[in-house]
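Q: output the structure for:
(one chain, ligands or ions: 1)
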Amino acid sequence: RFTMRFSQPALQQKQQHDINRQRRRNLQVSVVGASGGIGQALSLLLKMNPLIETLVLHDVANTKGVAADLSHICTSPTVKSYTGEKELKKALKGSDIVVVPAGRPRRPGMDRKDLLESNANVAIAVAMAVSSVCPSAFLAIITNPVNTIVPIVRDILKSQDSYDPKRLFGITTLDVVRAKTFLGQSLCIDPQRINIPVIGGHSGITILPLFSQSNPPFKGDESEKKELIERVQEGGSEVVKAKAGSGSATLSMAFAGAQFVGSLIKGIKNEEDKPIVECAFVESNVTPLEFFASPVILGPSGIKDIPCLPELDQLESQMLQGLLPVLLKDIEQGVKYANNFI
Ligand code: NAI
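A: Predicted coordinates:
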């Protein structure tokens, strides 16, 4: 209704004005949990993104040192640092994107669910601070368990009247990165040339890479496909096991996080000719569940569109039916947790 008030040339002028404003805008990206295993590597990669003007680092410890170190790198983003819960709001003020790798990682024998008690409070504190000082920022959650933390954050933002479903993301890019890598090895081609959607959630069987949709196409038989799916689903545990007690995936997650944030920025800048598409765990109606990871199209205001799911093959359809009740439980756990808090 709003746009109807403009005549066609005036509307075009206004749209062009909005686009120019987005292009000129000096972007501030804030990393909460910046001194951690993911946080440091992610901040390094973001420091190399020329579209970021200010890179803000926040953590409860060691932020100053990480910021001093990064600030000597001869790239354009200016680095600022804030330490401790008391400085969180100061850190986030003015942010366009807040990315959150704060909280405990898994140790061998742990499931992502075991992290809920320790990590939910970190996510809640971030959601409260975002509501208060940068309610229109994009909020991208890395903290596990993503399947449960994202619904908690949604409900906290809602309770503060600052929820916009187009701006809240659970980052599942690492599952896509792993699917590309393992398929690239199977096809003996550069994994960067591969496109493959990964849907569902971000833990165990809720992760469903769609090899039927890959480009170039997957060439193996059903048992090879099953093996690859399981390797993607267990990719996180493969790293936790190999690190033998010192944590979970950090470097590959930092790569995935930087790619995701890079795509959010490209969406804000709105300069690409082709659509910007990333898989992410978001509020969605592509399935009966409230949240689901699938390819989303990004633009200046966040999510522009969430396409319907493609036609799955028999194995994928079966796996989808198997994952829905598990993911539903994870989401419900988050809603319950938030209810107790609000
Ligand atoms: P880490 O322990 O190395 O780093 C976590 C950082 O968060 C620490 O520097 C800590 O001081 C900081 N932190 C804790 N509470 C905080 C608070 N209230 N405010 C600000 N900072 C706070 O852990 P790592 O390996 O970097 O993992 C971080 C999280 O990312 C974990 O929950 C892990 O499970 C998750 N993860 C998610 C993945 C995904 O695909 N979404 C993949 C890999 C890990």
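Q: use CA for all of it now, contacts and neighbours both
A: Noted.
Q: show me the contacts for the residue in the stretch 151-300 of the chain that the ligand sits nearest to.
A: Of all residues in the stretch 151-300 of the chain, Ala249 sits closest to the ligand, at 4.7 Å by C-alpha to the nearest ligand atom. By C-alpha atoms under 8 Å, 6 or more residues apart in numbering, the residues touching Ala249 are 38, 236, 239-240.
Q: sitting in helices, which of those residues do you find?
A: 38, 236, 239-240 (DSSP state H).
Q: most neighbours among those residues, please name it.
A: Neighbour counts for these (other C-alpha atoms under 10 Å) peak at Ile38, which has 25 neighbours.
Q: by contact count, what packs against the biggest helix by length in the chain?
A: The single longest helix within the chain, with elements called by DSSP H, is helix 314-341. Here helix 314-341 touches helix 146-159, strand 198-200, strand 207-209, going by 3 or more C-alpha pairs under 8 Å, 6 or more residues apart in numbering; DSSP states H and E.
Q: flag every residue of the stretch 101-250 of the chain that's near the ligand.
A: Residues of the stretch 101-250 of the chain lying close to the ligand by C-alpha under 6 Å from any ligand atom are 101-106, 122, 142-144, 171-172, 174, 247-250.
Q: following the helix-or-strand element of the chain with minimal mean pLDDT, which helix or strand shows up next?
A: One helix or strand of the chain scores below all others by mean pLDDT, DSSP states H and E: helix 8-24, with a mean of 53. Counting by DSSP states H and E, the next helix or strand C-terminal to helix 8-24 is strand 27-32.
Q: packing partners of that next one?
A: Judged by 3+ C-alpha pairs under 8 Å, 6+ apart, the packing partners of strand 27-32 are helix 37-47, strand 52-59, strand 97-100.
Q: which residues in the stretch 51-200 of the chain form helices?
A: Applying DSSP state H, counting those that start in this stretch to the stretch 51-200 of the chain gives helices spanning 63-71, 88-92, 116-133, 146-159, 173-187.
Q: for the last one, which positions count as buried?
A: Within helix 173-187, the residues scored as buried using 16 or more other C-alpha atoms under 10 Å are 173-184, 187.
Q: same question, the first one
A: If you call a residue buried by 16+ other C-alpha under 10 Å, then helix 63-71 has these buried ones: 63-64, 66-67, 70-71.
Q: ok, back up a step: can you add mean neighbour count, mean pLDDT and distance to Asn285 and give the helices and strands packed on helix 314-341 back as TSV?
A: Putting the helices and strands packed on helix 314-341 into TSV (neighbours: other C-alpha atoms under 10 Å; pLDDT from 0 to 100; distance: least, C-alpha to C-alpha, whole Å) gives the following:
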stretch	mean neighbour count	mean pLDDT	distance to Asn285
helix 146-159	25	98	14
strand 198-200	27	98	12
strand 207-209	26	98	17
